[in-house]
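Participant: no sequence for this one, just the structure:
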């Protein structure tokens, strides 16, 4: 069977790679579409690289219009030439919902795995999702009810991170600290995030060193991210730059500063107290504030419906604020970890990929 898969950012690439692996247990599938290294590593033919499409914020979309249009033309041409038996689209709503419209016009079954957060903002998309998708496989506990109340067929499959987040190297702590406390800094997976957030993150450690002995570890995803980070902080001997090893580093960290996104859930599953930061361009932030109907920006607080971990947004992302909140979460470590236990219970028991593949195969 031929299957079209589309992911537009690193977390989608990771989740899709596990989905491909699960499909392969069931039979002969030929995957092609948009993705990254992890999907390619599972044998998918990448017809357009995901890295060319990574977008963060509303105003940043303008800079990517040419690439988005090119990717769309490439996919439409491929679909017309080798009509897939079904399509699985992963998050990435600005691109995927539009493409789903085209796919449905070709009578191709279309499934959404990890849906956009339309319950928070973008409710106008519900009508489109209802028309263009055959079924949604959702990963947050309240999403199934939300979509069904809006007459969209959806199934809660559990959160995929329960299966994915598995720290391996418990001896990593000795590499960094001796008796120091480890602070992990996760500035995000997009260059724009790293540029906005890494400098105040690193500067916050200098303030903390007036109160305790800490080792700072900046966790990045790619070689390009490493180069960006080095340009931003220069030859700074007070922090270590690491590519990958995210789960291992979070598992030995006493606390972390994390850009709002999937990484906040990863840290919570591992049990790392954190400070969540978030910063957009001024225009993107004003638009997001106008459209968003949520109390919190981090998935941890959203799912628990309370502020378990502190959130610093826009002008509050300053070294002084970050350091103050870091000291606080280190002191509240036991309380925060109890909250994480409640969160993990809400995310399900694992098996999200198996349940999703089962759900797709019984509908095609």
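Facilitator: Arrived safely. As the structure is a prediction and not an experimental result, all values here were calculated from the model.
Participant: what's the neighbour count on residue 210?
Facilitator: If you count neighbours by other C-beta atoms under 10 Å, residue 210 ends up with 7. For glycine as for every other residue, the C-beta is placed from the backbone atoms N, C-alpha and C.
Participant: swap in residue 81?
Facilitator: Neighbour number of residue 81 under other C-beta under 10 Å is 7.
Participant: Could you list the low-pLDDT ranges of the protein?
Facilitator: 54-64, 169-178, 282-293 (pLDDT under 70).
Participant: Spell out, range by range, the strands that occur in it.
Facilitator: 2-7, 30-35, 45-49, 86-90, 110-113, 135-138, 154-156, 181-186, 214-220, 239-243, 255-259, 274-278, 311-313 (DSSP state E).
Participant: Please name every helix or strand in contact with the second one.
Facilitator: If contacts are counted by 3 or more C-beta pairs under 8 Å, 6 or more residues apart in numbering; DSSP states H and E, strand 30-35 sits against strand 2-7, helix 10-24, strand 45-49, helix 65-81.
Participant: Ok, which of the ones you listed comes nearest residue 312?
Facilitator: helix 10-24 (21.6 Å; C-beta to C-beta).
Participant: Now stretch 239-253: buried residues?
Facilitator: Going by neighbour count (16 or more other C-beta atoms under 10 Å), the buried part of stretch 239-253 is 239-242, 245-253.
Participant: what does stretch 73-85 give?
Facilitator: Result for stretch 73-85 [16+ other C-beta under 10 Å]: buried residues 75, 78-79, 84.
Participant: Name the surrounding residues that touch that stretch.
Facilitator: 1-4, 6, 32-34, 47-48, 99, 102-103, 106, 108-109, 364 (C-beta atoms under 8 Å, 6 or more residues apart in numbering).
Participant: before we move on, the earlier item: now the buried residues of stretch 73-85 in JSON lines, with distance to residue 220?
Facilitator: Output for these, formatted as JSON lines (distance: C-beta to C-beta, whole Å):
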{"residue": "75", "distance to residue 220": "30"}
{"residue": "78", "distance to residue 220": "32"}
{"residue": "79", "distance to residue 220": "35"}
{"residue": "84", "distance to residue 220": "34"}
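Participant: In those, find the pair that's most separated.
Facilitator: Those two in these that are separated most widely, counting by C-beta to C-beta, are 75 and 84, at 10.3 Å.
Participant: Do a quick rundown of the helices in the stretch 251-364 of the chain.
Facilitator: 262-270, 282-291, 299-304, 319-331, 333-346, 352-361 (DSSP state H, counting those that start in this stretch).
Participant: Repeat that for the stretch 101-250 of the chain.
Facilitator: Under DSSP H, counting those that start in this stretch, the stretch 101-250 of the chain gives helices at 125-132, 143-149, 161-164, 173-176, 191-208, 223-233, 246-252.
Participant: so what secondary structure elements neighbour the last one?
Facilitator: Helices and strands touching helix 246-252, as assessed by 3+ C-beta pairs under 8 Å, 6+ apart, comprise strand 181-186, strand 214-220, helix 262-270.
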